[in-house]
Each structure stands twice: as structure tokens, then as C-alpha cells.
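Student: sequence and predicted structure, then a few things I'm wondering about:
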Amino acid sequence: MTAPFSLILDCDGVLADTERNGHLPSFNAAFTELGVPMRWSEDDYAELVLIGGGKERIAAALRDPRYWSSDTGPRSDGDFDDQVRVIHAVKTRIYKQMVVDGAMPARPGVARVIRSTLDAGWNVAVASTSAAESVTAVLKSVIGEQDTLRVPVFAGDAVAAKKPAPDIYLLALNGIGAEPTATIVIEDSAMGLRAATAAGLPCLVTTSSYTVEEDFTGSAAVVTCLGDDAHPAVVRSDPLNSGISDRIDLDTLERLIDLSNSRSHSGGPR
């Protein structure tokens, strides 16, 4: 019996444009609530978003005076790791409420693609460096509670090495019993693309507001979104000559998997 196809999606920037509309304001709200003398601008966050994981971003900023909003910087009393965990816990609470409040609508076409792959019998999972509870909250807001029960989430501290390391994708592959040659990843960032390709998986990139100018060499294709009636996908790159249309569908994903396998067998980069 032929193994079923599998789809693994990133969360932030793929399910919703969460970085600009959710994570950044919730980080700043947590700093304010806890009296931490930091406030990240959009330019600050454009640098910090290149670091995989929310706790890791907080830790990097606490150690770097460029991000402090006072000369004295954050207090250094107590355990540094505990401070990071407290800030992140408050940020996660604020972020989850923002999701409930509808601050981060789903990206075009993503709910359609997830539901159609599930209905076709595909394995579907989400793999993210964000906290698992935050990822699950976004997933529920995109496809509803019942369909979320059909989509395993691999996220946060489930692995020690976060993207661009391949660990979270290797964990997801094992967790859903996916065959790498029958699997495709959807990512929005060069960091995520590197993680997917390091795991031996083809990657379709759907650019988000913070990643549109990044280098996506090695991707199966790059599009502006997955496409719906109001927001058709625009193809930015189609290196496999797959003939992508303005709506990513099952045929598109299967074709990208097949063409990526052919490229791999011919000796080209996967």
C-alpha cells in the first residue's frame, strides 16, 4: 500500500501573520505589565525574529543593551532563566487572548488547504518554534476546534535545537509516521526553509510581512499566499517549473513532492 501524503506547516506567518500583529505587541505588553524596561520597535523585531523561539528572543534582548529603553536596563537580580520564563509566560497569556479576540486572521487559503488535505486522507501536522499552547490557539482560530483535534502540534521546547536546525521537522515526521518522499512543508521564512531542507523535505514558501525579502534558494516554490478568491496567490519563484496557479491545491502539493523527488534523484539539491 502506498504511504499517504503528508503536509507539515509552520505556524507563524503561515497560518496567520502572527509576528507583526500578535507576537510583537504581546511581547511589548508583557514588558509593560512586568515593568521590564524594554520596548521593541518593528525594526528591533525584524532582527530578533531571526532567532528561533520566543524565550530565546527574550534572552538575547535582555543581554543586549541596544534593546533596553533605559540606561540601567532590566534588573539582573534573581535567576536569569527564571526571568525569561516569567516574561514568556505573561507574553503567552496576552498572545492567546489576542488570538481569541481575532487580532490575527488566517492567511488566505490556508484553512482551505488544511481541510482539503485532511479530507483526502493526508497526514497533517504543525511544526513551530513558538510555544505549543500559542500554536494550538492559532490553529483553532484558523480551522476550528474539531479539525484541530486532527492536526498534531509539535512546538516550543519539544526539541532542544530550534529552527534552522531540522529537529522539529524530524520529530514531526516521526510523530505522524510520515514518509519523507511523500511529505511537503509549508514555511514562510528562510530559517524555516533551511530547517525543512535539512530534514530532507521539500518546502513551499508563502512569504509573510517580515520575510518577503529573504533568500529562498532551495525552495520547491515561493508564492505570496496559498490563494483564495479575494487574494489570489502570486508566484514569486517556480524553480521546478511546476506551473503553479493562483490557488495552491492538492494537485499542486502532490506535483511539488513528485518534482522534488525527481530533482533529488537527478543529483540536484532537495
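Tutor: Happy to help now that I have it.

Student: C-alpha only now, for contacts and for neighbours.
Tutor: OK.

Student: pLDDT weak spots in the stretch 1-150 of the chain?
Tutor: Confidence mapping of the stretch 1-150 of the chain against pLDDT under 70 gives the ranges 1-3, 76-78.

Student: can you tell me the average pLDDT over stretch 259-270?
Tutor: Stretch 259-270 shows an average pLDDT of 75 in the prediction.

Student: which positions within the helix or strand Asp81 falls within qualify as buried?
Tutor: Taking DSSP states H and E as the definition, Asp81 sits inside helix 80-100. The neighbour-count criterion (16 or more other C-alpha atoms under 10 Å) identifies Gln83, Val84, Ile87, His88, Val90, Lys91, Thr92, Ile94, Tyr95, Lys96, Met98, Val99 as the buried residues of helix 80-100.

Student: and that helix, how far out from the chain's middle?
Tutor: 18 Å (C-alpha atoms, centre = their mean, to the nearest Å).

Student: and that helix, what does it pack against?
Tutor: helix 24-34, helix 54-62, helix 132-148 (3 or more C-alpha pairs under 8 Å, 6 or more residues apart in numbering; DSSP states H and E).

Student: the helix or strand following it vs helix 132-148, what angle?
Tutor: Taking DSSP H and E as the definition, the helix or strand that follows helix 80-100 towards the C-terminus is helix 110-119. Between helix 110-119 and helix 132-148, the angle comes out at 60 degrees (axes from the mean of the first three to the mean of the last three C-alpha atoms, to 10 degrees).

Student: following element in sequence after helix 110-119, please.
Tutor: Once helix 110-119 ends, the next helix or strand along the chain (criterion: DSSP H and E) is strand 123-127.

Student: for that following strand, name the packing helices and strands.
Tutor: When contacts are defined as 3+ C-alpha pairs under 8 Å, 6+ apart, strand 123-127 packs onto strand 6-9, helix 110-119, strand 153-154, helix 167-176.

Student: got the contact list for the third one?
Tutor: For strand 153-154, the surrounding residues in contact (C-alpha atoms under 8 Å, 6 or more residues apart in numbering) are Ala125, Val126, Ala127, Ser128, Ala132, Val135, Thr136, Ile168, Leu171, Ala172.

Student: quick one, phi/psi of the fourth one?
Tutor: Its backbone dihedrals place Ser128 at phi -150, psi 160, with angles given as degrees, to the nearest 10.

Student: surely it meets Val14?
Tutor: No: applying C-alpha atoms under 8 Å, one finds Ser128 not in contact with Val14, separated by 10.3 Å.

Student: quick one, which of these two is more surrounded?
Tutor: Applying other C-alpha atoms under 10 Å to Ser128 and Val14 shows that Ser128 carries more neighbours, namely 27 against 23.

Student: could you find the closest non-adjacent residue to the more buried one?
Tutor: Nearest residue to Ser128 in three dimensions, chain neighbours excluded: Ala155, at 4.7 Å (C-alpha to C-alpha, 6 or more residues apart in numbering).

Student: try Leu50
Tutor: Ranked by C-alpha to C-alpha, 6+ apart and with sequence neighbours excluded, the top spatial neighbour of Leu50 is Met191, at 7.3 Å.

Student: now do Ala190
Tutor: Leaving aside its chain neighbours, Ala190 sits nearest to Phe216 (5.7 Å; criterion: C-alpha to C-alpha, 6+ apart).

Student: distance of that neighbour relative to Glu187?
Tutor: Using C-alpha to C-alpha, to the nearest Å, Phe216 is found at 10 Å from Glu187.

Student: of those two, who's got more company?
Tutor: More neighbours sit around Glu187 than around the other of Phe216 and Glu187, counting by other C-alpha under 10 Å; the figures are 30 against 23.

Student: chain neighbours aside, what residue packs nearest to that one?
Tutor: Once its chain neighbours are removed from consideration, Glu187 has its nearest residue in Val205; the separation is 4.9 Å (C-alpha to C-alpha, 6+ apart).
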